[in-house]
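> what follows is a predicted structure for the sequence shown.
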Amino acid sequence: MIRLSNILFILITLFILNGCAGGGYSFTQGVPDPNINTVSIQYFTNQAPLAKPTVSNAFTESLKDLFQTQTKLALVSKYGDLQFEGYVSGYRTAPVAITGNETAAKNRLTISVKVKFVNTQDPEKNYEQSFSRYSEYNSNLDLTTVEDELIAEINDQLVQDIFNKAMSNW
């Protein structure tokens, strides 16, 4: 089920990327540095206690998909011109909206990832950083019934943040 917030996020992202095309380049037409042709994305392991076992694979694939759809960089298994590696460092759920009778009306699932980015052509753009995003759900729902949808939504936000950080200084 697609949420309105997801549609708005996609539309805003497309609008911004379309605006970049008028400025001389766009991510979908290639990277402005002609020496950068490849990207390698290593498997992000799960080091978060209590995380769903599939969260690492889902995150890694989301990051690969973003680079394959928004750039013309070739995805290679190792030693890309741009390199990403890291791990899922946090996975937690907590109440966020308490009602008058001291029960939670909403819960929040938060996922954090630690990322190491290497730009072999311009080491000044390298970074190591933690990224964290969350999504809220009604407390009357069991986490297991909405978990896959929440993970996908949070992954979309995380990979966009990571992509923007890596590509923003161009």
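Noted; the coordinates are in hand.
> so where's the protein shaky on pLDDT?
Low-confidence regions of the chain, defined by pLDDT under 70, span residues 1-32, 97-104, 169-170.
> show me the helices in it, by range?
Read by DSSP state H, the chain holds these helices, from start to end of the chain: 4-22, 55-70, 143-167.
> elements contacting the longest one?
With contacts defined as 3 or more CB pairs under 8 Å, 6 or more residues apart in numbering; DSSP states H and E, the packing partners of helix 143-167 are helix 4-22, helix 55-70, strand 82-98, strand 104-119, strand 127-138. Yep, even glycine has a C-beta here, placed from its N, CA and C like the rest.
> ok, now with 10 Å
Counting contacts by 3 or more CB pairs under 10 Å, 6 or more residues apart in numbering; DSSP states H and E, the secondary-structure elements packed against helix 143-167 are helix 4-22, strand 38-41, helix 55-70, strand 82-98, strand 104-119, strand 127-138.
> any chance of these in a markdown table with mean neighbour count as columns?
Conversion of the helices and strands packed on helix 143-167 to a markdown table gives the following (neighbours: other CB atoms under 10 Å):
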| stretch | mean neighbour count |
| --- | --- |
| helix 4-22 | 11 |
| strand 38-41 | 20 |
| helix 55-70 | 18 |
| strand 82-98 | 17 |
| strand 104-119 | 19 |
| strand 127-138 | 15 |
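> is it possible to get those out as JSON lines so that each row also shows distance to residue 151?
JSON lines is the format used below for the helices and strands packed on helix 143-167 (distance: least, CB to CB, whole Å):
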{"stretch": "helix 4-22", "distance to residue 151": "13"}
{"stretch": "strand 38-41", "distance to residue 151": "18"}
{"stretch": "helix 55-70", "distance to residue 151": "6"}
{"stretch": "strand 82-98", "distance to residue 151": "9"}
{"stretch": "strand 104-119", "distance to residue 151": "7"}
{"stretch": "strand 127-138", "distance to residue 151": "9"}
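> among these, which comes closest to residue 152?
Between residue 152 and those, the shortest separation by CB to CB is 7.0 Å, and it involves helix 55-70.
> now that closest one and strand 82-98, what's the angle there?
120 degrees (axes from the mean of the first three to the mean of the last three CA atoms, to 10 degrees).
> now helix 55-70 - C-alpha only, CSV.
Listed in CSV are the C-alpha atoms of helix 55-70, where the atom choice follows Å, rounded to 0.1, in the frame of the first residue of the first chain:
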residue,chain,number,x,y,z
VAL,A,55,16.6,-5.7,7.5
SER,A,56,20.3,-5.8,6.4
ASN,A,57,19.5,-7.3,3.0
ALA,A,58,16.6,-4.9,2.4
PHE,A,59,18.8,-1.9,3.2
THR,A,60,21.7,-3.1,1.0
GLU,A,61,19.4,-3.7,-1.9
SER,A,62,17.6,-0.4,-1.5
LEU,A,63,21.0,1.4,-1.7
LYS,A,64,22.0,-0.5,-4.8
ASP,A,65,18.7,0.1,-6.4
LEU,A,66,18.9,3.9,-5.8
PHE,A,67,22.3,4.1,-7.5
GLN,A,68,21.2,2.0,-10.4
THR,A,69,18.1,4.0,-11.0
GLN,A,70,19.4,7.5,-10.4
